[in-house]
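Q: pasting a predicted model and its sequence here:
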Amino acid sequence: MRLLGMPTLIELDTLEDNVKLCKSLGLDFVEINMNQLLWTISLLFLIL
């Protein structure tokens with residue numbers, strides 16, 4: 001079984017927007033760059 005995902009797009013304003021795009025494209029996950037302060041641990045719960 002292969003999973004397909006996408007990188008976090010900085011063009012989108014929030015992690016939630018990235019998750020919505022990922023789901024709409026039929027992808028399995030969003031790769032989150034933890035070097036960006038915008039993506040904090042509290043925002044990770046949006047994926048669950």
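A: Cool, the structure landed.
Q: what segments of this structure are strands?
A: 5-7, 29-31 (DSSP state E).
Q: how about low-confidence regions in this protein?
A: Applying pLDDT under 70 to the chain flags residues 34-48.
Q: could you redo the last one with a cut-off of 90?
A: Where the chain drops to pLDDT under 90, the residues are 8, 10-16, 32-48.
Q: export only the CA atoms of stretch 18-32, formatted as PDB.
A: Extracted C-alpha coordinates of stretch 18-32, given in PDB (Å, rounded to 0.1, in the frame of the first residue of the first chain):
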ATOM      1  CA  ASN A  18      -3.400  22.700   3.400                       C
ATOM      2  CA  VAL A  19      -5.300  19.800   5.000                       C
ATOM      3  CA  LYS A  20      -8.500  20.700   3.100                       C
ATOM      4  CA  LEU A  21      -6.600  20.900  -0.200                       C
ATOM      5  CA  CYS A  22      -4.900  17.600   0.500                       C
ATOM      6  CA  LYS A  23      -8.300  15.900   1.200                       C
ATOM      7  CA  SER A  24      -9.900  17.400  -1.900                       C
ATOM      8  CA  LEU A  25      -7.000  16.100  -4.100                       C
ATOM      9  CA  GLY A  26      -7.500  12.600  -2.600                       C
ATOM     10  CA  LEU A  27      -4.100  12.600  -0.900                       C
ATOM     11  CA  ASP A  28      -3.200  10.800   2.300                       C
ATOM     12  CA  PHE A  29      -1.100  13.300   4.200                       C
ATOM     13  CA  VAL A  30       0.500  16.800   4.400                       C
ATOM     14  CA  GLU A  31       4.300  16.900   5.000                       C
ATOM     15  CA  ILE A  32       4.700  19.500   7.700                       C
END
